[in-house]
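>>> Need a 3D model of the following:
(2 chains)
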Amino acid sequence: MTRIEATRIIVDLAGDAPIVASLGHPAYDLFAAGDRPQNLYTWGSMGLASSVGLGLALARPDVRVFVLDGDGSLLMNLGSLATIGLLQPRNLVVVVMDNEEYATTGGQPTPTAHGADLDAAARAMGIAATATVRSDDELRSAGALSRVGPLFIVAKVKESAPTAKPPLDCVFIKQRFMSALGNPESSVTGAAL
Amino acid sequence: MTGTAPAWAVGVCAGVHAAGSRDVVYVPDNPLSHVLRVFEHQFRDVRLLLATREEEAFGIAAGLYLGGRRPTVMLQSSGIGNSLNALTSLLIPYQIPALMVVSMRGDSGEWNAAQVPMGRAVRGIFDAIGVPHATVVSADAAAETVRLAGNTAFGTRTLGACLLPRGLTLKVP
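This is a model prediction of the structure:
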């Protein structure tokens, strides 16, 4: 399973639900797999995709929130697993596209190439529903896991060269995203006096 | 409990609340423990969210805002160093606002030399990255200083920092 194949499955599973993508290749592939207003492409803040997804999940318990993270990115913010394990938001789904390399910066191996196990880390931090998947079918099955808390999926993927780049305007991305979620900024909508 | 809460802490909580913030993401700090206690006892509609690191706290705050909330981040000034990537590559370019309550280390009253360099630098860092900041000069001024910083932040989609000097927070109630 390549990363773009896995990303297409996540977009399919998400339906109309928001997806927060880590910078670099996860965001590029999300755009290529299906640009939609409910996509939050990050252009910086490496490591924070799961934290942004957590905040969104807490703010909007009525919405299922997907996070597309990378292995290198999540390793920058492992404390996030402890916080997610502490708060147990049942509407949060974190998918780590684990290609075992820093693909965006030239393919340097990450610690997961040498056995670092993000699935085990998530379980150790109190996230009970986890899965490590290597195929389309396994990923689809993991997405349907029944659970009472957050879901954490490590998708072992082969690197696939990105073919497209998301919009660059950060404010546009944010405004479009918030409007699609039904909580538009008042600076965009105007307001009654 | 109410009787022992320092007035500056009550003012900070009142200001956060008056700015419409009901979500406070924090990394603990000694003076801020007073603020947390006041929130717990007097502002029960405010959700307190512990983060493991200040940068993470700003990520969570950004997500809260994207979901329609008005987030506050509470941290020690030393944690600004841990926050810079989140501020400069997420909240500022996306114009995601957050009210910041910053407990000062390294200013007048400090005893620990390791806290001094960042404490002295923090206002200059805020100026360099364009984060408006106000200093809470007295317990009486706390509520209004924080409220105004919050209203400006959420109204103009910027960050707004309120600094709590040790001269304020170390006073015995």
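
>>> Can you classify the residue nearest to the spatial centre of chain B by secondary structure?
The centre of chain B sits closest to B:Val101, judged by Cα atoms, centre = their mean, with a distance of 1.1 Å. The three-state label given to B:Val101 by DSSP: H, G, I helix; E, B strand; the rest coil is strand.

>>> what's near enough to touch it?
By Cβ atoms under 8 Å, 6 or more residues apart in numbering or on different chains, the contact list for B:Val101 reads B:12, B:16, B:32, B:35, B:72-75, B:146, B:162, B:164. (Glycine included, C-beta is placed from N, CA and C.)

>>> Also B:Ile92?
With contact set as Cβ under 8 Å, 6+ apart, B:Ile92 has these partners: B:129-131, B:159.

>>> Specify the beta-bridge partners of the residue nearest to the centre of chain B.
Following DSSP bridges, B:Val101 is listed with bridge partners B:Met74, B:Cys162.

>>> Let me know the pLDDT of it.
Per-residue confidence at B:Val101 stands at 98 (pLDDT).

>>> Go through the helix or strand of chain A with the lowest mean pLDDT and flag the buried ones.
When each helix and strand of chain A is scored by mean pLDDT, DSSP states H and E, helix A:186-189 comes last, with a mean of 91. Across helix A:186-189, burial judged by 16 or more other Cβ atoms under 10 Å in any protein chain shown covers no residue at all.

>>> So that helix, near chain B or not?
Yes - part of helix A:186-189 sits near chain B under the criterion Cβ under 8 Å from any Cβ of the partner chain, namely A:Ser187.

>>> So what's the residue count around B:Arg157?
16 (other Cβ atoms under 10 Å in any protein chain shown).

>>> same deal with A:Pro150?
By other Cβ under 10 Å, the residues close to A:Pro150 number 28.

>>> Next, find the distance separating it from chain B.
14 Å (Cβ to the nearest Cβ, to the nearest Å).

>>> In contact with the residue nearest to that residue when sequence neighbours are not counted, which residues?
Of all residues not flanking A:Pro150 in the chain, A:Leu92 sits nearest, at 4.4 Å (Cβ to Cβ, 6 or more residues apart in numbering or on different chains). Contacts for A:Leu92 (Cβ under 8 Å, 6+ apart) come out as A:53-54, A:57, A:65, A:67, A:84, A:150-151.

>>> ok, 7 Å please
A:Leu92 makes contact with A:53-54, A:57, A:65, A:84, A:150, according to Cβ atoms under 7 Å, 6 or more residues apart in numbering or on different chains.

>>> so A:Lys174 sits right up against B:Tyr94, yeah?
Yes - between A:Lys174 and B:Tyr94 there is a contact at 4.7 Å, judged by Cβ atoms under 7 Å.

>>> Neighbour count for these two, which is higher?
B:Tyr94 (26 against 22).

>>> tell me the SS of that one?
Under three-state DSSP, the three-state class of B:Tyr94 is coil.

>>> What are the neighbouring residues in contact with residue 117?
Since no chain was named, I'll use chain A. Applying Cβ under 7 Å, 6+ apart, no residues qualify as near A:Asp117.

>>> wait, I meant chain B there
Residues counted as contacts of B:Pro117 (Cβ under 7 Å, 6+ apart) are B:Gly106.
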